[in-house]
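Chemist: Attaching a predicted model along with its sequence, questions to come.
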Amino acid sequence: MIKCFQLINGQDIIGEADEQDSAWIIRDPAAIHLVPQQNGQSFGVALMPFIPYAEFNKITLHKDKVMLEYEPSGDLRNNYSRMFGSGIEIANVMPK
């Protein structure tokens, strides 16, 4: 399942997460960054590889380093899936 985590240092990450006893195994982790929009009035979200120079795509995230865990919004989930996952997007509305 795709989950988001806010670490105790304030950084947010998203990834395909599997829970274990005292840790989460995160496949294809990505850092979530807020970026200002051109109008200067709002922010957008950018996803970047969590550890860009690593040769692996899986990390162990110990639960004592997690301040928050949360479900991503539909847009964030779709952006993550498009960039790091299957590319399948979840529809926001049902077709008629």
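Modeler: The structure has been received and is ready for your questions.
Chemist: other SSEs contacting the helix or strand residue 59 falls within?
Modeler: Assessed by DSSP states H and E, residue 59 sits inside strand 58-62. If you count contacts as 3 or more C-beta pairs under 8 Å, 6 or more residues apart in numbering; DSSP states H and E, strand 58-62 packs onto strand 23-36. Bear in mind the C-beta positions are built from the backbone N, C-alpha and C, glycine included.
Chemist: Does anything pack onto whatever helix or strand comes next after the strand it packs on? Which helices or strands?
Modeler: Following strand 23-36 in sequence order, the next helix or strand is strand 43-49 (DSSP H and E). The contact analysis (3+ C-beta pairs under 8 Å, 6+ apart) places strand 43-49 against strand 23-36, helix 74-84.
Chemist: that older thread, with just CA atoms, put the strand holding residue 59 into PDB.
Modeler: Extracted as PDB, the C-alpha positions of strand 58-62 are listed here (Å, rounded to 0.1, in the frame of the first residue of the first chain):
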ATOM      1  CA  LYS A  58      14.100  -0.300  -0.700                       C
ATOM      2  CA  ILE A  59      14.700   1.200   2.800                       C
ATOM      3  CA  THR A  60      13.900   0.100   6.400                       C
ATOM      4  CA  LEU A  61      12.200   2.800   8.300                       C
ATOM      5  CA  HIS A  62      12.200   2.200  12.000                       C
END
